[in-house]
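A.B. asks: just a sequence and a predicted model for now, questions to come.
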Amino acid sequence: MTNLAETGFAIHPMDQFIVKRFFCDAAHADCTTDIKWYEITNVTFWMAMTVIVIIALMVFGSRGRAIIPSRVQSIGELLYGFVYKTVEDVTGHEGVKYFPYIMTLFLFILFANLLGLLPMSFTTTSHVAVTVTLALLVFFGITLLGLVRKGPGFLAMFWITSAPLALRPVLAVIEVISYMMRPVSHSIRLAGNLLAGHAVLKVFAGFASMTVIMPVAVLGAVGIYALEVLVACVQAYVFTILTCVYLKDAVGDAHH
């Protein structure tokens with residue numbers, strides 16, 4: 001059986017997720033080993049680019065505060081209004097005061113996802129290390145907030161008073177396990193969707209180099225790319241809406 005690599009055709013869809021030095025000549029050095037904490041990698045570079053794009057949009061793009069907004073200001077205002085309404089609808093009036101943090105999360109994830117679709121870029125949110133960090137910040141922040149605001153009463157969310165007394169201890173254990181698994185599902189959902197989508201896109205792009213199936217592969221790649229743009233936006237929204245749902249447990253009234 002002929003090996004694809006021997007014929008000059010090989011697809012390595014997972015290579016795009018390798019962390020490496022950003023300023024490195026791969027032909028003369030190994031860019032993936034012995035990376036020091038202070039060295040710029042593809043992850044840190046594209047994180048910085050994400051922050052720069054957000055600042056350009058939300059600070060410099062809207063600093064004029066024109067009555068008739070520019071296109072950039074309109075985009076910023078639409079994003080602001082969309083997230084604000086989401087926070088208010090899900091968490092209520094008490095949750096609105098935490099809107100700046102949720103807005104920051106949404107913008108970072110959204111633009112990190114979208115920038116990762118540019119040619120030769122890197123999708124930082126495809127790495128579990130990044131998404132787990134974001135999820136843990138939400139998890140510990142909301143847990144501490146709930147304990148500060150409600151004290152021991154925050155733990156009442158685990159005790160289902162509407163259930164029969166004999167079942168309450170069992171349900172309490174299930175609720176605690178479910179609560180502890182929140183950062184896992186919160187983070188893996190985001191990273192997994194982006195990693196899988198980018199891998200499939202790379203496979204279609206690889207097949208596009210084969211003359212026989214090139215038209216089909218190109219159409220498939222275009223379709224997958226369009227789907228990935230949608231996924232990038234949807235996953236940012238899903239992460240945000242879940243954060244709002246979790247925040248409601250800390251600032252809202254307990255439901256038993």
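C.D. replies: Okay, I see it. In this text, all values refer to a predicted model and were calculated from it rather than measured experimentally.

A.B. asks: buried residues, whichever helix in the chain runs longest. List them.
C.D. replies: For the chain, the longest helix by residue count, based on DSSP state H, is helix 214-251. Neighbour-count burial for helix 214-251, with 16 or more other Cβ atoms under 10 Å as criterion, is recorded at 217, 220-221, 224, 228, 231-232, 235-236, 238-244, 246-251. Heads up, the C-betas are built off the backbone N, CA and C, glycines and all.

A.B. asks: with just CA atoms, put whichever strand or helix holds Tyr84 into PDB.
C.D. replies: In this structure, Tyr84 is located in helix 71-91 according to DSSP states H and E. As requested, C-alpha coordinates have been extracted for helix 71-91 and formatted as PDB (Å, rounded to 0.1, in the frame of the first residue of the first chain):
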ATOM      1  CA  ARG A  71     -19.300  51.600  11.200                       C
ATOM      2  CA  VAL A  72     -16.800  50.700  13.800                       C
ATOM      3  CA  GLN A  73     -18.700  52.600  16.500                       C
ATOM      4  CA  SER A  74     -22.000  50.900  15.400                       C
ATOM      5  CA  ILE A  75     -20.400  47.400  15.700                       C
ATOM      6  CA  GLY A  76     -19.100  48.300  19.200                       C
ATOM      7  CA  GLU A  77     -22.600  49.600  20.200                       C
ATOM      8  CA  LEU A  78     -24.400  46.600  18.900                       C
ATOM      9  CA  LEU A  79     -22.000  44.200  20.800                       C
ATOM     10  CA  TYR A  80     -22.400  46.300  23.900                       C
ATOM     11  CA  GLY A  81     -26.200  46.400  23.700                       C
ATOM     12  CA  PHE A  82     -26.500  42.700  22.900                       C
ATOM     13  CA  VAL A  83     -24.300  41.500  25.800                       C
ATOM     14  CA  TYR A  84     -25.900  44.000  28.200                       C
ATOM     15  CA  LYS A  85     -29.400  42.800  27.400                       C
ATOM     16  CA  THR A  86     -28.300  39.200  27.700                       C
ATOM     17  CA  VAL A  87     -26.900  39.800  31.200                       C
ATOM     18  CA  GLU A  88     -30.000  41.700  32.300                       C
ATOM     19  CA  ASP A  89     -32.400  39.200  31.000                       C
ATOM     20  CA  VAL A  90     -30.600  36.200  32.500                       C
ATOM     21  CA  THR A  91     -29.300  37.500  35.800                       C
END
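
A.B. asks: which ones are touching the residue nearest to Leu167 when sequence neighbours are not counted?
C.D. replies: Distance criterion Cβ to Cβ, 6 or more residues apart in numbering; nearest residue to Leu167, sequence neighbours excluded, is Ile160 at 7.9 Å. For Ile160, the contacting residues are 167-168, 171-172, 175, 256, taking Cβ atoms under 8 Å, 6 or more residues apart in numbering as the criterion.
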